[in-house]
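A.B. asks: Only the shape, not the letters, is given here:
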């Protein structure tokens with residue numbers, strides 16, 4: 001009898017057990033994960049948000065500081081470049097001055113000897129003038145003054161200068177070029193780059209203004225006057241008075257002239273040719289010229305493209321300017337100190353001698 005074949009089964013009990021265990025493990029795994037997610041979700045996020053906000057604030061502040069630092073670095077770089085450019089200009093100027101001084105040093109000794117001899121002659125002439133002046137004439141002049149001169153607390157000092165202010169028409173020419181800022185070349189260049197307020201405080205320029213103040217106090221009553229100031233151009237101190245004479249009897253005009261000079265800033269070069277030409281154009285011509293200067297001219301026109309001018313060129317300019325003066329008019333000169341201009345005292349003394357005027361080498365405490 002044949003045996004009946006057993007039917008094959010796809011799933012056995014062992015396979016089902018494995019599947020059940022696997023599904024159970026997966027379900028258990030998901031339950032554990034879900035519990036951890038729920039626990040994490042239920043935590044208070046306030047502390048985390050505060051920390052996040054703090055970090056964002058610190059990041060923003062750091063970015064601001066970084067931008068500020070970058071801008072500061074750029075500004076410092078710009079300043080550095082500007083300073084380097086200025087330093088280069090100053091170095092070039094120093095080298096130029098050294099080269100010019102080296103040229104002057106070659107003939108300095110001979111010029112110094114000539115200047116010392118000239119100064120000795122000037123002192124002897126001044127002593128002679130002082131000896132010839134009489135006390136009675138001084139008293140008379142003191143009684144005829146039309147305005148007072150403030151002697152800055154020095155009392156009523158008398159100055160024996162040899163200047164004659166007894167003409168009917170007196171012309172005062174005031175050099176207001178940049179050289180009137182100081183006695184030395186280096187300080188002139190330094191002061192030339194300062195503000196106008198500092199320029200007006202220059203001791204030398206204040207001395208020039210005080211000299212004009214003293215001169216105007218000596219003008220005779222009933223006479224006429226005119227005051228011109230010049231640098232590269234020439235113009236009257238009293239605006240609108242060009243080419244005309246002012247009445248010295250009206251001391252308000254003299255006071256105004258001194259006031260204007262106190263507010264005038266010295267600048268530019270020295271065009272003495274224009275100053276002497278303006279003196280010649282006055283009608284009637286002056287019978288007394290008083291020149292306040294410190295050195296030889298540096299230019300002959302209103303503008304010039306020269307960066308430097310030699311001593312020989314300045315002497316030639318002075319000679320050309322002298323030919324512009326009106327004839328037979330004495331020129332009295334107040335010469336202020338200036339470093340390196342050794343030819344100036346000799347030429348100005350020659351001018352005063354030829355015209356019948358006088359030369360005064362101004363000391364630091366005059367007037």
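C.D. replies: Perfect, I can see it now. As the structure is a computational prediction, the values presented were derived from the model and not from experiment.

A.B. asks: Any buried residues in the helix or strand hosting residue 124, and which?
C.D. replies: Using DSSP states H and E, residue 124 falls within helix 108-132. In terms of neighbour count (16 or more other CB atoms under 10 Å), helix 108-132 has its buried residues at 111, 115, 118, 122, 125-126. Placement of C-beta: from N, CA and C, glycine included.

A.B. asks: cool, stretch 348-363 as well?
C.D. replies: Those would be 348-349, 351-352, 355, 357-362, for stretch 348-363 by 16+ other CB under 10 Å.

A.B. asks: How about stretch 173-190?
C.D. replies: Buried residues in stretch 173-190 (16+ other CB under 10 Å): 173-183, 185, 188-189.

A.B. asks: confidence score at residue 121?
C.D. replies: You'll see residue 121 listed with a pLDDT of 77.

A.B. asks: Start and end of stretch 284-293, how far apart?
C.D. replies: Using CA to CA, to the nearest Å, one end of stretch 284-293 lies 24 Å from the other.

A.B. asks: helices or strands up against the strand or helix carrying residue 90?
C.D. replies: Secondary structure from DSSP H and E places residue 90 in helix 46-105. Using 3 or more CB pairs under 8 Å, 6 or more residues apart in numbering; DSSP states H and E, the elements in contact with helix 46-105 are helix 185-192.

A.B. asks: So what touches the helix it packs on?
C.D. replies: 93, 97, 178-179, 181-182, 198-199, 202, 267, 339-340 (CB atoms under 8 Å, 6 or more residues apart in numbering).

A.B. asks: ok, those residues vs residue 20, which is closest?
C.D. replies: The closest of the contacts of helix 185-192 to residue 20 turns out to be residue 93 (CB to CB; 103.0 Å).

A.B. asks: now stretch 309-319: how far from the chain's centre is it?
C.D. replies: 26 Å (CA atoms, centre = their mean, to the nearest Å).

A.B. asks: on that earlier part again, taking the contacts of helix 185-192, tell me the two that lie furthest apart.
C.D. replies: Of all pairs drawn from the contacts of helix 185-192, the widest gap by CB to CB lies between 198 and 340 and measures 23.1 Å.

A.B. asks: Low-confidence regions, the stretch 51-200 of the chain specifically.
C.D. replies: Along the stretch 51-200 of the chain, segments meeting pLDDT under 70 span 105-107, 109-110, 129, 132, 134-166.

A.B. asks: show me where the stretch 101-250 of the chain has helices.
C.D. replies: 108-132, 135-143, 185-192, 196-200, 203-218 (DSSP state H, counting those that start in this stretch).

A.B. asks: sorry, back to before: so which of the buried residues of stretch 173-190 belong to strands?
C.D. replies: Cross-referencing the buried residues of stretch 173-190 against strands under DSSP state E gives 173-175.

A.B. asks: Which pair of the buried residues of stretch 173-190 spans the longest distance?
C.D. replies: Maximum pairwise distance among the buried residues of stretch 173-190 (CB to CB): 25.0 Å, between 173 and 189.

A.B. asks: tell me the mean pLDDT over the helix or strand encompassing residue 20?
C.D. replies: Residue 20 belongs to helix 13-41 when elements are defined using DSSP H and E. Helix 13-41 shows a mean pLDDT of 73.

A.B. asks: now stretch 353-360
C.D. replies: Averaged over stretch 353-360, pLDDT sits at 91.

A.B. asks: Could you work out the end-to-end span of it for me?
C.D. replies: Start-to-end, stretch 353-360 (CA to CA) is 12 Å.

A.B. asks: quick one on the thing from earlier: among the ones in strands among the buried residues of stretch 173-190, which one sits closest to residue 367?
C.D. replies: The closest of those to residue 367 turns out to be residue 174 (CB to CB; 14.4 Å).

A.B. asks: Can you tell me which of the buried residues of helix 108-132 is nearest residue 85?
C.D. replies: Distances from residue 85 to these, taken by CB to CB, are shortest for residue 111, at 37.1 Å.

A.B. asks: now the strands for the stretch 251-367 of the chain?
C.D. replies: In the stretch 251-367 of the chain, the strands defined using DSSP state E, counting those that start in this stretch lie at 288-293, 331-335, 359-361.

A.B. asks: Switch the ones you listed over to CSV; also include distance to residue 251.
C.D. replies: Output for those, formatted as CSV (distance: least, CB to CB, whole Å):
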stretch, distance to residue 251
strand 288-293, 18
strand 331-335, 22
strand 359-361, 24
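
A.B. asks: so which of those gets nearest residue 222?
C.D. replies: Closest to residue 222 of the strands of the stretch 251-367 of the chain is strand 288-293 (CB to CB; 14.5 Å).

A.B. asks: Direction included, what does that closest one pair against?
C.D. replies: For strand 288-293, sheet partners with direction are given as strand 169-175 (parallel), strand 331-335 (parallel), following DSSP bridges.

A.B. asks: Out of those strands, which is closest to residue 305?
C.D. replies: Residue 305 lies closest to strand 169-175 among the strands paired with strand 288-293, at 22.3 Å (CB to CB).

A.B. asks: tilt between the closest one and helix 203-218?
C.D. replies: Strand 169-175 runs at 180 degrees relative to helix 203-218, counting by axes from the mean of the first three to the mean of the last three CA atoms, to 10 degrees.

A.B. asks: And the closest residue to residue 345 other than its chain neighbours, how close does it get to residue 71?
C.D. replies: Leaving aside its sequence neighbours, residue 345 sits nearest to residue 118 (CB to CB, 6 or more residues apart in numbering; 5.3 Å). According to CB to CB, to the nearest Å, residue 118 and residue 71 sit 63 Å apart.
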